[in-house]
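J.: Please find the sequence and the predicted model below.
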Amino acid sequence: MVGIIDYGLGNLGSIQNMLKVIGEKSVITFDTDKLDKCERLILPGVGAFDAGMGKLNENGLAQFVKQKALVDKKPILGICLGMQLLGRKSEEGELPGLGLIPFDNIKFRLDDTDLKVPHMGWDIVDFKQDNRLIKNLKGTQRYYFVHSYHAKCDSEENVLMTCDYGYEFTASVVKDNILGVQFHPEKSHNFGMALLENFVKGC
Amino acid sequence: MFIRPRIIPVLLIDDRDLIKTVKFKDRTYLGDPVNAVKIFNRKGIDELSILDIGATKNGKEPDFELLRDIASEAFMPLSCGGGITTVDQVRELLAIGYEKVVINTGLIRNPSLIRKSVELFGSQSIVASIDAKFVKGQYKCVIADGNETVEITPVKLAKEAEDMGVGEIIINSVDRDGGMQGYDITLVKSIVESVKIPVTAIGGAGGINDLKKVLHEGHAHAAAGGSMFVYYGKLKAVLITAPSEEELLNAGIYKQ
């Protein structure tokens, strides 16, 4: 069972739809008792950084997620804003993030290019280290991105994937049981389905 | 760098029917929208947009039940529009699987809806859809499914939408709608050059060459269309279709 953390922001339905096709049960809830019973957690999110952190804080979910991630070592996957919230902070907002992985989120610096922000569309990624999340993903992996900010890790050891948009940026972060992807696997056809399947079956 | 401009079929819905228009009128009934979405999903298309063109006109809110059914069949980027007037509706649409909502009439009638939505859900969630019509020698904007002309140029409205914080603009040519004779490149280019955010072009796509032209000459960020994804051949037989990966690579639209 996967617990999809519902804090009022995000494309929760599409994640659940894809998990259903994979054959994995899931529950969308903000109830920490129910989430606690799940083997794995997904922290989704579409939207602004402070709106996301604000909601996590007011529901007591921020503390819960930290506890599950750090003490119980439960596998947790942050998606899009959900990934950014795993970091310390963001140039998009004022509130501190969950601080589970040492990175900050910065705005794309593309003033000298004709590239548009948000970085929106399909893009390919490079795997920077081995992980069960990307087990058996062979050949070019293509995912759907929509974001104006991206993670900047202190250390390469937390960079799982990179992508190139004007420059190379971090597209996926990792620290032990804590994972994050900037793109939307639930919107990335078979590519995203393979990755989510790895998360629910292997991580 | 990987180059893959999004090619986006746009499906028009009115009262649960999948339809297609010409110049926003002359409707043709095409069938069941959920079935069409299943086919597009199998084809692995880049993105899909669902626009309920009857909602605003009939004073209805988005058809959440139908939109939920559609989203459960589509594992690709999805946007939807039509009849959105409140922040709660935006929240609900994002929750059921649409990462972008498209607002047209609200740009004029309800700018605070857009500002509030941007603040709550982020720029990338809100798309401004601008319907342009060439009237007496100049472009004007129309709203409410083309039924109301407003005294503002598409370029000005695009800039205002960007100031409101939207993350993307769709520029539609009413005159080219359903014609399959090519996009209005001049119109598209004028919008692209006046804003920094991505611009998607729609209105007039008849085939791959039109997509290529609007991307390369109009500098659109993405190319959307209606007719070319639902009709086949000169006689316009109804067929849900999309150019293949190979065709788009061969045409130089995708580059790897």
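T.: Good, I have the coordinates. Since this is a predicted model, take the numbers as computed values, not measurements. Numbering: from 1, shown residues only, chains lettered A, B, ... in the order given.
J.: Get me the contact residues on chain B for chain A.
T.: With C-beta under 8 Å from any C-beta of the partner chain as the criterion, chain B comes near chain A at residues B:1-2, B:4-6, B:41, B:44, B:46-47, B:68, B:71-72, B:75-78, B:91, B:94-100, B:119-125, B:167-168, B:196-198, B:221-222, B:256. C-betas here are computed from N, CA, C, even on glycine.
J.: Among those, name the buried ones.
T.: Neighbour counting by 16 or more other C-beta atoms under 10 Å in any protein chain shown classes B:2, B:4-6, B:41, B:46-47, B:68, B:71-72, B:75-78, B:91, B:94-100, B:120-125, B:167-168, B:197-198, B:221-222 among those as buried.
J.: Just the ones of those residues in strands?
T.: Of the positions in those, B:6, B:78, B:100, B:168, B:222 sit in strands, assigned by DSSP state E.
J.: What is the nearest of these to residue B:22?
T.: The shortest approach to residue B:22 among these belongs to residue B:222, at 22.6 Å (C-beta to C-beta).
J.: can you give me the helices for the chain?
T.: Just so you know, I chose chain A. For chain A, the helices defined by DSSP state H occupy A:12-22, A:32-36, A:49-58, A:61-66, A:81-84, A:189-202.
J.: could you do chain B instead?
T.: Secondary structure of chain B (DSSP H): helices at B:33-43, B:64-71, B:87-95, B:105-109, B:111-121, B:154-164, B:185-192, B:208-216, B:227-230, B:245-250.
J.: how about a markdown table for the ones you listed, with mean pLDDT added?
T.: Formatted as a markdown table, these follow (pLDDT from 0 to 100):
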| stretch | mean pLDDT |
| --- | --- |
| helix B:33-43 | 95 |
| helix B:64-71 | 96 |
| helix B:87-95 | 93 |
| helix B:105-109 | 95 |
| helix B:111-121 | 93 |
| helix B:154-164 | 98 |
| helix B:185-192 | 98 |
| helix B:208-216 | 98 |
| helix B:227-230 | 97 |
| helix B:245-250 | 95 |
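J.: Need the winner for burial among those.
T.: Each of those was scored by mean neighbour count; the highest is helix B:227-230, a mean of 23, by mean count of other C-beta atoms under 10 Å in any protein chain shown.
J.: Spatially nearest residue to the residue of chain B found nearest chain A (excluding sequence neighbours)?
T.: Using C-beta to the nearest C-beta, residue B:97 is the residue of chain B that sits closest to chain A, at 3.7 Å. Sequence neighbours aside, residue B:71 is the residue nearest to residue B:97 in space, at 3.2 Å (criterion: C-beta to C-beta, 6 or more residues apart in numbering or on different chains).
J.: for the one you found, what are its contacts?
T.: Counting by C-beta atoms under 8 Å, 6 or more residues apart in numbering or on different chains, residue B:71 touches A:13-14, A:17, B:78, B:96-98.
J.: cool, residue A:109 as well?
T.: A:166-167.
J.: what about the residue lying closest to residue B:238 once chain neighbours are set aside, distance to residue B:63?
T.: Closest residue to residue B:238 apart from its sequence neighbours, by C-beta to C-beta, 6+ apart: residue B:30 at 5.2 Å. Per C-beta to C-beta, to the nearest Å, residue B:30 is found 17 Å from residue B:63.
J.: Same check on residue A:198?
T.: To residue B:63, residue A:198 is 35 Å away according to C-beta to C-beta.
J.: likewise residue A:14?
T.: Distance from residue A:14 to residue B:63, by C-beta to C-beta: 18 Å.
J.: for residue B:129, same thing?
T.: Applying C-beta to C-beta, one obtains 18 Å for the distance of residue B:129 from residue B:63.
J.: Those two: which has the busier surroundings?
T.: Set residue B:129 next to residue B:63 and count neighbours by other C-beta atoms under 10 Å in any protein chain shown: residue B:129 wins out with 27 against 21.
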